[in-house]
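Peer 1: sequence and predicted structure below; questions after.
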Amino acid sequence: MALTTRRRALTTFGAALAGSVALPAYAHASGRGHHPRPLVRAHAHNDYEHPRPLFDALDHRFGSVEADIYLVDGQLLVAHDPVDLDPSRTLESLYLEPLAERIRANHGSVYRGYHRVPFQLLIDIKTEGASTYAELHRHLRPYRRLFTTYTYGKVRRGAVTAVVSGDRAARAPMEAQRVRHAFYDGRLADLGTAAPASLIPLISDNWSLAFTWQGTGPIPPAERDKLRGIVSRAHARGQRVRFWATPDLPGPQRDAVWGELLAAGVDHLNSDDLAGLEAFLDAHGG
């Protein structure tokens, strides 16, 4: 992908978090000094299901990870399904505390040498949204210096940006807050509404519900135009774009879809295959 496209992607991410402050493009190829270049577009879907939650994604230089949470007796437990809940696997133990330790060690950034590169923690709420978000807000407060924060109409960018997805009941209490340490994950239905990027910096949706093409043969021109129109409208408002349920089995179909997403300027590519997405982005300048 051209340098201008990479610059536009990173600038869109930063602008959604920090108003009109544009972020510089990060270094290409081997990175700055001896520090490998982070892959800001790489999103680890269901990150917690990897052998080393968070750390495997970091080892593959991902710029975004996803954690599903359940509110259980005042604790935020991380799991995909209720049957997998384990009291030892909390949001704090798997993500908040490790990120805090890493940022301290790296003098303020998730990736050493890349202080201006944003990192996203997508938190998917699986229990009732309003009550779970209230508990999440309490859990984020002790770490507030690490996180991008909305304060009385202004956004202060931190090393990590928390974006809340999942149960839609979380939106109303978030909108009502004058100070919060997380943002809201919108849907395509939110694109073009009055909700600002300071509330909804990310537009995510199910690829299979919006598009019929799954990577076999060329993408239909109408669907390519639709995809690029979605990205253009979101970027014009300082919002980023992500699709889930894209093809994720290794092969030409997945590569074709990922290629179209990159060409359209989609900001996050969703995958469970950390090594596969890392290799694809390295090969395509992403």
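Peer 2: Looks like it arrived, so ask away. Just so we're clear, the structure is a prediction, and the values are computed from it rather than from any experiment.
Peer 1: residue 223 is in what secondary structure piece?
Peer 2: Per DSSP states H and E: residue 223 is located in helix 221-236.
Peer 1: okay, the angle between the helix or strand that comes right after that helix and helix 221-236?
Peer 2: Downstream of helix 221-236, the next assigned helix or strand under DSSP H and E is strand 240-244. Counting by axes from the mean of the first three to the mean of the last three Cα atoms, to 10 degrees, strand 240-244 lies at 140 degrees to helix 221-236.
Peer 1: packing partners for strand 240-244?
Peer 2: Using 3 or more Cβ pairs under 8 Å, 6 or more residues apart in numbering; DSSP states H and E as the contact test, the elements touching strand 240-244 are helix 3-18, strand 202-206, helix 207-210, helix 221-236, strand 269-271. Bear in mind the C-beta positions are built from the backbone N, C-alpha and C, glycine included.
Peer 1: between that strand and strand 202-206, how big is the angle?
Peer 2: Using the same axes, to 10 degrees: strand 240-244 against strand 202-206 is 20 degrees.
Peer 1: low-confidence ranges, this structure, go.
Peer 2: For the chain, applying pLDDT under 70 flags the ranges 1-34.
Peer 1: what packs against the lengthiest strand in it?
Peer 2: For the chain, the longest strand by residue count, based on DSSP state E, is strand 62-72. Judged by 3+ Cβ pairs under 8 Å, 6+ apart, strand 62-72 is in contact with strand 39-44, strand 75-78, strand 119-125, helix 129-140, helix 274-283.
Peer 1: using PDB, write out every CA atom in it.
Peer 2: Output of strand 62-72 as PDB, limited to C-alpha atoms (Å, rounded to 0.1, in the frame of the first residue of the first chain):
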ATOM      1  CA  PHE A  62      -1.000  -5.800  16.400                       C
ATOM      2  CA  GLY A  63      -2.500  -2.400  17.000                       C
ATOM      3  CA  SER A  64      -5.900  -3.500  18.400                       C
ATOM      4  CA  VAL A  65      -7.100  -6.400  20.600                       C
ATOM      5  CA  GLU A  66     -10.600  -7.500  21.500                       C
ATOM      6  CA  ALA A  67     -11.800  -8.800  24.900                       C
ATOM      7  CA  ASP A  68     -15.300 -10.100  25.700                       C
ATOM      8  CA  ILE A  69     -16.500  -9.300  29.200                       C
ATOM      9  CA  TYR A  70     -19.200 -10.600  31.600                       C
ATOM     10  CA  LEU A  71     -20.100  -8.800  34.800                       C
ATOM     11  CA  VAL A  72     -20.100 -11.500  37.600                       C
END
